[in-house]
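Undergrad: would you be able to build a 3D model of this:
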Amino acid sequence: MAALKKDGRLYQDYHPDGSLERTAENLWSELLRFKSCIKGLETRHFCIYIPPISYEGMELTSWFTNVLDGIPLGIRLITIDYANQRKIKLAETKKVKFLEPRLNMPDAIRNAMDKECGSYDPTNLNSLYTRQIRTVLDCTSKKSESVLDKEVSKLIDLSHQLDREDVILTTPIIAAQAYYIIQNNDKSLLYCDRTINESERMMRADDLTAYSVWKVALFLKAAIFVGTKKPDAAIPLYEQVAAAAAKRGDILYVLEGYRMSAYLNYEQGNVEEAFIRSLLALEAGSHLDMKQRRSSTFAYAASMALRFCKKVRDKQDMIVLEKQLELWLGSDWRELVSAFDQQPNNKSQILSSLTKKKQK
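TA: Modelled structure (predicted):
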């Protein structure tokens with residue numbers, strides 16, 4: 001208000017009427033009264049944005065239906081809804097309009113990276129390095145190893161010229177991910193090992209940079225071993241990350257490390273070991289808040305723990321586990337974990353979290 005007054009934008013001062021009952025109608029009335037005090041808004045609208053996070057899990061169709069007819073000229077409501085999880089189910093009318101943006105994510109990423117680079121300057125190493133990362137990632141769509149070899153070599157040369165610790169750490173894992181995308185596992189493993197060795201050399205207790213790169217490299221290496229049917233080589237890597245993550249309070253990676261170890265041990269026929277690892281995953285995930293537990297792979301770990309418990313423990317242990325899951329996941333925990341029970345052998349779903357981490 002003070003800024004509007006200072007800029008000479010007010011016809012008159014506005015003072016909210018604190019005596020009004022808190023209803024939508026009174027809110028519209030006050031907003032219009034405020035709008036009438038501001039110069040230049042006679043033909044404009046006040047827009048009220050309702051962010052999707054504010055109605056997580058709630059159906060808002062009835063609320064919008066109730067308020068739509070009472071919204072006066074000069075007021076507009078704006079929100080975002082998700083096509084695959086609608087919370088507002090209204091038909092398009094004179095008062096309801098849908099805007100459906102078509103996003104081109106590759107172009108969006110390129111534009112964002114170009115902004116970081118600034119204008120092209122062939123003498124600016126930071127700009128050249130960032131652009132070369134984009135070139136390397138673009139090469140993965142062509143599936144040409146010879147072209148990727150050439151561009152990765154350029155990226156490594158630029159990283160040496162920059163001679164920055166963060167660049168030295170991250171460049172090999174970028175190369176590893178690129179080769180992984182074109183399914184050259186040997187070269188991907190080569191660059192994973194370079195990343196692991198370099199990050200272990202630089203890792204310090206008070207610095208997260210080297211640790212963050214290190215854990216991604218180990219997860220990628222483990223994922224390659226899983227994909228090439230070498231679970232015995234993958235299990236120690238997942239557990240190594242879980243142990244290091246536990247020391248640093250990195251809950252999600254403790255959860256993921258032991259969850260993947262549990263799954264692979266079960267695939268190997270080591271049900272007892274699988275059950276123990278699933279419990280370790282649950283214990284780690286229990287330190288997340290309820291919302292995170294319900295939306296993360298914690299529910300998957302719960303599903304596995306129930307399946308393994310049934311095979312290697314008695315009924316009393318199962319009762320204890322079920323009661324604990326109710327505390328951790330809420331009264332509808334059975335419904336939440338049942339989605340995973342229906343597809344126990346779907347490896348693509350089990351490994352989906354690894355793919356997400358790889359792409360970040």
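
Undergrad: name the nearest residue to H287, sequence neighbours excluded.
TA: Nearest residue to H287, sequence neighbours excluded (CB to CB, 6 or more residues apart in numbering): I251, at 5.2 Å. For glycine as for every other residue, the C-beta is placed from the backbone atoms N, C-alpha and C.

Undergrad: I'd like to know how many residues surround that neighbour.
TA: Other residues near I251 come to 18 when the count uses other CB atoms under 10 Å.

Undergrad: how close does it get to A274?
TA: Using CB to CB, to the nearest Å, I251 is found at 21 Å from A274.

Undergrad: next one: K97
TA: Applying CB to CB, the value for K97 to A274 is 52 Å.

Undergrad: same check on A299?
TA: Here the criterion is CB to CB. By it, A299 lies 17 Å from A274.

Undergrad: more neighbours, these two?
TA: A274 (24 against 21).

Undergrad: that one: what secondary structure?
TA: Assigned with DSSP: H, G, I helix; E, B strand; the rest coil, A274 falls in the helix class.

Undergrad: list the residues that contact it.
TA: Contacts of A274 were listed using CB atoms under 8 Å, 6 or more residues apart in numbering, and they are A262, Y263, N265, Y266, M304, F308.

Undergrad: what do you get for F308?
TA: A262, Y266, V271, A274, F275, S278.

Undergrad: about what we covered before: could the contacts of A274 be laid out in TSV, adding distance to D163?
TA: Written out in TSV, the entries for those read as follows (distance: CB to CB, whole Å):
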residue	distance to D163
A262	42
Y263	41
N265	43
Y266	46
M304	46
F308	49
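
Undergrad: highest neighbour count among these?
TA: Per-residue neighbour counts (other CB under 10 Å) across the contacts of A274 peak at A262, which has 29 neighbours.

Undergrad: give me the contacts around stretch 19-34.
TA: Around stretch 19-34, the neighbours that count as contacts under CB under 8 Å, 6+ apart are Y14, P16, D17, F46, I48, V67, G70, I71, P72, G74, I75.

Undergrad: 10 Å instead, please
TA: Contact partners of stretch 19-34, identified using CB atoms under 10 Å, 6 or more residues apart in numbering, comprise 1, 14-17, 41, 46, 48, 63, 66-67, 70-75.

Undergrad: give the buried residues for stretch 140-158.
TA: Buried residues in stretch 140-158, counting neighbours by 16 or more other CB atoms under 10 Å, are found at T140, V147, L148, E151, V152, L155, I156, L158.

Undergrad: look up how far L148 lies from the first one.
TA: Relative to L148, T140 is positioned 7 Å away (criterion: CB to CB).

Undergrad: what touches both of the two?
TA: Common neighbours of T140 and L148 (criterion: CB under 10 Å, 6+ apart): A178, Y179, I181, I182.

Undergrad: ok, so of those residues, who is nearest Q240?
TA: Distance to Q240, by CB to CB, is smallest for Y179 among the shared contacts of T140 and L148, at 22.1 Å.

Undergrad: where does K229 land in three-state SS?
TA: Looking at K229 with three-state DSSP, the answer is coil.

Undergrad: residues contacting it?
TA: Contact criterion CB under 10 Å, 6+ apart gives E267 as the residues in contact with K229.

Undergrad: show me the shaky parts of the stretch 51-200 of the chain.
TA: Within the stretch 51-200 of the chain, the set of residues satisfying pLDDT under 70 comprises 52-59, 84-85, 103-123.

Undergrad: just the helices in it please.
TA: 61-68, 105-117, 125-139, 145-162, 165-181, 185-202 (DSSP state H, counting those that start in this stretch).
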